[in-house]
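A.B. asks: Give me the fold of what follows.
(chains A and B)
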Amino acid sequence: MTTAEETPGTAAAAAEETPRNETDAVAPAAPPNLAWIGVGIVLVVVLGYATKYLDKNVPAWLADTGLARISKSVEYPIYAIAIGLLGNLVLTVTGLRDRLSGGFRTEFFIKTGLVLLGASINLSLLVTAAGPAIIQALLLISGVFLFTWWFAGKLGLEEKLRALLASAVSICGVSAAIAAAGAVRARREQLAYAASLVIVFALPSIFLLPYLADVLGLSDAVAGAWIGGNIDTTAAVTAAGALAGESALKVATIVKVTQNALIGFVAIALTAYFAFKVERSESAQRPGAIELWRRFPKFVLGFVAASIIGTWYAKTAAAADNTAAQAVATNLRTWFLIFAFVSIGLEFRVRSLREAGWRPVAVFAAATVVNIVLALALASLLFANFTV
Amino acid sequence: MSDDPAPPPTRSGPRISEDWAATVVGLLLLVLILSGVITKGVLQ
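C.D. replies: Residues are numbered from 1 along each chain as shown, chains lettered A, B, ... in the order given. Sure, this is the predicted structure:
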């Protein structure tokens, strides 16, 4: 990928091809083939079962060895991502990955899991956390977006790539990059590149942030708000939150969902900026409420609806029934998250990063550092006295 | 993204939004759980 200027007409063609979901954003454009998609989904399910099997049995296998303590602290997101990466390696070597990639539906799996997670979050927690979550999201998105935009400009990156990187690192990773790509009519390879950067930086964060939160002695609420505010992609936030604990996971999810909900506003601002400032099209129309709705991540509605339904059920049903229902919902939620984490590993790609040179990587790395520090400061300030 | 020449665009017609699909499937599963249709998890 290069940051060279586009030839006339390329932008329009690229806009038509701009992927609308995370799987398409990181995978090359290929004709959809239902049979291969089906095989890809079956593979994700099989690797998901392998994850569950290891999660259940490894601690017992290593109980009498020096690795007993480590094996107990390794949880299902780590097995799932590791198995996904291993599968990725095998599929790459055998040349099957691109054919099967249509079945690696990270976005669908993670969002279904998050809707089910909503059922275990009491509405009062959602309402209480919404205030600080919105303040944190607004300050964090503004601060990190503007820094990334400025720094990418200093290093001479092309405007559209600046918009993609700034959106991805400040809001919610691949989903935000997709929304920004549609808004600024970025080229497909620019989106693929931004998506790859997101995943490359998100993978170590999944393990690093829960570890640092533990070392720093952060409360569950602050740790969750830090993880949710800092890690870019929703799936990685969920993986890190799950490693940090159930309470941290809930706060991380609320914070991330709040950021997700702001995608539409950023996409509209970018659409207007590129239409009236960068490309200066006289025929451009101001984006309106319909555009805002089109960009709004609809699963947020499902998440809130599940919280309302779950809270109502907890109040009206017998305690034993509620406990049993929550256990089943948690079980199914875990399965969807396992499938999502396996898909993260299977989708991981580094090829386009090699083609882009060091400047976008430097921008993303610097923005990530700013994001980590700013998110920690805001989470410590806004969630200091918050209890889950 | 790849070194291979890009294939021509082939996507056409309506596509299911994964956002909506996840919302519907998640809520449907929740309703089935709360109404007692699904009473057991998988490999608990």
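A.B. asks: And for stretch A:250-262, what's in contact with it?
C.D. replies: Outside stretch A:250-262, the residues within contact range by C-beta atoms under 8 Å, 6 or more residues apart in numbering or on different chains are A:114, A:117, A:120-121, A:125-126, A:129-130, A:133-134, A:136-138, A:140-141, A:171-172, A:175, A:220-221, A:223-225, A:227-229, A:231, A:234, A:237-238, A:240-241, A:244, A:296-297, A:300, A:303, A:383, A:386, A:388. (Glycine included, C-beta is placed from N, CA and C.)
A.B. asks: Let me know the helix or strand that the residue of the stretch 251-388 of chain A at minimum distance from chain B is in.
C.D. replies: Closest to chain B within the stretch 251-388 of chain A is residue A:331: 2.7 Å, counting by C-beta to the nearest C-beta. Residue A:331 belongs to helix A:319-347 when assigned by DSSP states H and E.
A.B. asks: Can you list the buried residues in that helix?
C.D. replies: A:322, A:324-326, A:328-347 (16 or more other C-beta atoms under 10 Å in any protein chain shown).
A.B. asks: coming back round to it: wait, isn't the residue of the stretch 251-388 of chain A closest to chain B in contact with residue B:42?
C.D. replies: Yes - Residue A:331 lies in contact with residue B:42 (C-beta atoms under 8 Å); the separation is 6.4 Å.
A.B. asks: hmm, back to that, give me the nearest residue to the residue of the stretch 251-388 of chain A closest to chain B, chain neighbours excluded.
C.D. replies: Of all residues not flanking residue A:331 in the chain, residue B:41 sits nearest, at 2.7 Å (C-beta to C-beta, 6 or more residues apart in numbering or on different chains).
A.B. asks: for that neighbour, phi and psi?
C.D. replies: Main-chain torsions, residue B:41, degrees, to the nearest 10: phi -80, psi -170.
A.B. asks: How about residue A:96?
C.D. replies: Torsion angles at residue A:96 (phi, psi; degrees, to the nearest 10) stand at phi -100, psi -10.
A.B. asks: And for it, the neighbour number?
C.D. replies: A count of neighbours around residue A:96, defined by other C-beta atoms under 10 Å in any protein chain shown, yields 15.
A.B. asks: low pLDDT regions in chain B?
C.D. replies: Within chain B, the segments meeting pLDDT under 70 span B:1-16, B:43-44.
A.B. asks: and residue B:32, how far is that from residue A:101?
C.D. replies: Separation of residue B:32 from residue A:101 (C-beta to C-beta, to the nearest Å): 30 Å.
A.B. asks: before we move on, back to that, the helix holding residue A:331 - what's its average pLDDT?
C.D. replies: Averaging pLDDT along helix A:319-347 yields 92.
A.B. asks: what about residue A:294, how many neighbours?
C.D. replies: As a burial measure, residue A:294 scores 13 neighbours (other C-beta under 10 Å).
A.B. asks: Can you show me the CA trace of stretch A:97-107 as CSV?
C.D. replies: In CSV, the C-alpha atoms belonging to stretch A:97-107 read as follows (Å, rounded to 0.1, in the frame of the first residue of the first chain):
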residue,chain,number,x,y,z
ARG,A,97,-7.1,-18.9,4.5
ASP,A,98,-8.5,-16.5,2.0
ARG,A,99,-11.1,-19.0,0.8
LEU,A,100,-12.3,-19.7,4.4
SER,A,101,-12.1,-16.1,5.7
GLY,A,102,-15.7,-15.4,4.9
GLY,A,103,-16.6,-17.7,7.9
PHE,A,104,-14.4,-15.8,10.4
ARG,A,105,-17.3,-13.5,11.5
THR,A,106,-15.6,-11.7,14.4
GLU,A,107,-18.0,-8.8,14.3
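A.B. asks: Please see if it touches chain B.
C.D. replies: Yes - applying C-beta under 8 Å from any C-beta of the partner chain, one finds stretch A:97-107 touching chain B at A:98, A:105, A:107.
A.B. asks: Hmm, residue B:18 and the second one touching each other?
C.D. replies: What it means is residue A:105. Yes - Residue A:105 lies in contact with residue B:18 (C-beta under 8 Å); the separation is 6.7 Å.
A.B. asks: Could you pull up the residues touching the residue nearest to residue A:331?
C.D. replies: The neighbours of residue B:41, taking C-beta under 8 Å, 6+ apart as the test, are A:327-328, A:330-332.
A.B. asks: which of these sit farthest apart?
C.D. replies: The largest separation in the contacts of residue B:41, counting by C-beta to C-beta, is between A:327 and A:332 at 10.0 Å.
A.B. asks: how much space is there between the nearest residue to residue A:156 once chain neighbours are set aside and residue A:160?
C.D. replies: If the residues on either side of it in the chain are set aside, residue A:156 comes closest to residue A:359, at 7.1 Å by C-beta to C-beta, 6+ apart. Distance from residue A:359 to residue A:160, counting by C-beta to C-beta: 14 Å.
A.B. asks: how about stretch A:117-125: buried residues?
C.D. replies: The neighbour-count check on stretch A:117-125 (16+ other C-beta under 10 Å) flags A:117-121, A:123, A:125 as buried.
A.B. asks: cool, stretch A:263-278 as well?
C.D. replies: Buried residues in stretch A:263-278 (16+ other C-beta under 10 Å): A:263-264, A:266-268, A:270-272, A:274-275.
A.B. asks: show me where pLDDT drops low in the stretch 1-150 of chain A?
C.D. replies: Ranges of the stretch 1-150 of chain A meeting pLDDT under 70: A:1-32, A:73.
A.B. asks: one step back: rebuild the residues of stretch A:97-107 next to chain B as JSON lines, extending it with secondary structure and neighbour count.
C.D. replies: As requested, these are exported to JSON lines (DSSP: H, G, I helix; E, B strand; the rest coil; neighbours: other C-beta atoms under 10 Å in any protein chain shown):
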{"residue": "A:98", "secondary structure": "helix", "neighbour count": "16"}
{"residue": "A:105", "secondary structure": "coil", "neighbour count": "25"}
{"residue": "A:107", "secondary structure": "helix", "neighbour count": "29"}
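A.B. asks: just to confirm, which helix or strand has the closest residue to chain B within the stretch 101-250 of chain A in it?
C.D. replies: Across the stretch 101-250 of chain A, the shortest distance to chain B (C-beta to the nearest C-beta) belongs to residue A:115, at 2.7 Å. Per DSSP H and E: residue A:115 is located in helix A:106-118.
A.B. asks: That helix vs helix A:319-347, what angle?
C.D. replies: Inter-element angle recorded for helix A:106-118 and helix A:319-347: 160 degrees (by axes from the mean of the first three to the mean of the last three C-alpha atoms, to 10 degrees).
A.B. asks: gap between helix A:106-118 and the chain center?
C.D. replies: Relative to its chain's centre, helix A:106-118 lies at 11 Å (C-alpha atoms, centre = their mean, to the nearest Å).
A.B. asks: go on, stretch A:242-252?
C.D. replies: Mean-position distance between stretch A:242-252 and its chain equals 15 Å (C-alpha atoms, centre = their mean).
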